[in-house]
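In: I'd like to go over a predicted model; first the sequence, then the structure.
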Amino acid sequence: MSGRFFLATLTALAFAASILSVTEEGAAKTAEEFLAEINRLPEIERQTRLERESRKEGNIVWYTGMNRSNVLDLTNAFESVYPFLKVNVFNSSPGALANRVLTENRAKAHLYDVLQLRSLLLNSLQKEQAIMRYYSPQRKFLREAFYDKRGYVNSAFATPMVFIFNKHLVSREEAPKSMSDLLKPQWKGRLVMDAEASDWLAAILDFYGEDKGKEFAQKLGAQKIQIRKGVSLTTQLVAAGEFPLFVDGYLQEATKLKMAGAPIDYIIPEPFVPLKAPAGLFVSANPPHPHGAALLVDFLLSKKGQDIMTSHGRWVGRIDAKDPDNLSDRRIVSPSAEKWGDRAKELVELFDQLIVEKGARIGGK
């Protein structure tokens, strides 16, 4: 990779500069402690301090799984506000990012500043002491599911999972409106799901209760669900007529293709909307550029940053952001990091047992 997107490395000089920056704030303090100290300053003084110190850092390293065009919109906007800072991005899949961060942390190779990852992985990151508490001033504008009480999670957006259907194969009138509609005989063999739908299953179990939720998932599995890997690809396959209806499609993917003229539409399900665990913005416990990291998180949670994400079709964390589908008026069920963080493996196995292994086909037609 070249330019902004890079294979993250840190030279000895850069690492020394990061240590110097921390030392200037106070040799005995951790990055978490001195950022907390800065946060106690009056608003203008706090901002001035962060900008002054970040000028000495010059760079920020952001690990994210967001698609590159969206990342460029955000980093370009950030750098127009802070032209003295350059955001270097390492872009990979969520699983690869989590493994990379934990491996680096165990090797004491502190390369990144900000990590964007599903908040469901909070417990693993926190137990490894890979992340710090950071109380961004923007937290007060976030919806309840987008932050935690302990201060580790500041989430930028979450992904509502909706029913996406091909309009040439399914009319809006006959499309399922509720979760229970998926169990009707006419949908047997006509549904597709993503191979990594553990967040969807967690929402089902949270809403119905674990016993009734498992019963529902078993009945859905008996519908001979088709399984494909990759939400973007599966949405495109629905648009191409390969599958009539995508059970756990992403709202932003449906919006993007619909606006591009693809023959798809979507239904926001009743009685609740499953929400993929919000995308947390975690600050490294040992950030090479701590002041820049704080500025980046604050920007991504600001009205300007959130409006950019809304323009990408995302449902964002701020309560004062646009909500074109009025999701705030719906019952939203988001997997809790506190409840499911240590049970992630169990959820994957349960999804395989209840859905995948009950007649689903993986791979081609």
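Out: Thanks, I have it.

In: wait, what's in contact with residue 92?
Out: By C-beta atoms under 8 Å, 6 or more residues apart in numbering, residue 92 lies in contact with 63, 65, 100. Heads up, the C-betas are built off the backbone N, CA and C, glycines and all.

In: Could you say which helix or strand holds residue 165?
Out: Assigned by DSSP states H and E, residue 165 falls within strand 155-166.

In: what lines up beside that strand in the sheet?
Out: Here strand 155-166 is paired, per DSSP bridges, with strand 245-250 (antiparallel), strand 264-267 (antiparallel), strand 273-284 (antiparallel), strand 315-316 (antiparallel).

In: now the helix or strand just after the last one: how far from the chain's centre is it?
Out: Next along the chain after strand 315-316, taking DSSP H and E as the criterion, comes strand 332-333. Averaged C-alpha coordinates place strand 332-333 at 15 Å from its chain's average position (C-alpha atoms, centre = their mean, to the nearest Å).

In: Just the pLDDT at the residue nearest the centre of the chain, thanks.
Out: Per C-alpha atoms, centre = their mean, the C-alpha nearest to the average position across the chain is that of residue 279, at 2.5 Å. pLDDT recorded at residue 279 is 89.

In: same check, this time on residue 360
Out: Among the per-residue scores, residue 360 holds a pLDDT of 51.

In: any idea of the pLDDT on residue 2?
Out: Reported pLDDT for residue 2: 44.

In: I should have written residue 97 there, sorry.
Out: So residue 97 comes in at 93 (pLDDT).

In: Now the helix or strand containing it: buried residues?
Out: For residue 97, the host element (DSSP H and E) is helix 94-106. Within helix 94-106, the residues that count as buried by 16 or more other C-beta atoms under 10 Å are 94, 97-98, 100-102, 104-105.

In: just stretch 195-213 next, same as before
Out: Buried residues in stretch 195-213 (16+ other C-beta under 10 Å): 195-208, 213.

In: Contacts only, for the residue nearest to the centre of the chain.
Out: Residue 279 touches 66, 116-119, 155-159, counting by C-beta under 8 Å, 6+ apart.

In: shaky segments in the protein?
Out: 1-4, 6-28, 359-365 (pLDDT under 70).

In: Spell out which residues make up each domain of it.
Out: 12-157+277-316, 160-276+326-356 (automatic domain parsing).

In: roughly how far out does the last one sit from the chain middle?
Out: Just to be clear, that refers to domain 160-276+326-356. Here domain 160-276+326-356 is found 17 Å from its chain centre; the criterion is C-alpha atoms, centre = their mean.

In: Ok, the longest one next?
Out: Averaging C-alpha positions (C-alpha atoms, centre = their mean) puts domain 12-157+277-316 14 Å from its chain's average.

In: hang on, the earlier thing: possible to save the contacts of residue 279 as JSON lines with distance to residue 34 and neighbour count?
Out: Shown next, in JSON lines, are the contacts of residue 279 (distance: C-beta to C-beta, whole Å; neighbours: other C-beta atoms under 10 Å):
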{"residue": "66", "distance to residue 34": "29", "neighbour count": "20"}
{"residue": "116", "distance to residue 34": "23", "neighbour count": "23"}
{"residue": "117", "distance to residue 34": "24", "neighbour count": "23"}
{"residue": "118", "distance to residue 34": "28", "neighbour count": "22"}
{"residue": "119", "distance to residue 34": "25", "neighbour count": "29"}
{"residue": "155", "distance to residue 34": "24", "neighbour count": "26"}
{"residue": "156", "distance to residue 34": "24", "neighbour count": "25"}
{"residue": "157", "distance to residue 34": "29", "neighbour count": "24"}
{"residue": "158", "distance to residue 34": "30", "neighbour count": "26"}
{"residue": "159", "distance to residue 34": "34", "neighbour count": "23"}
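
In: Kind regards, and thank you for your time.
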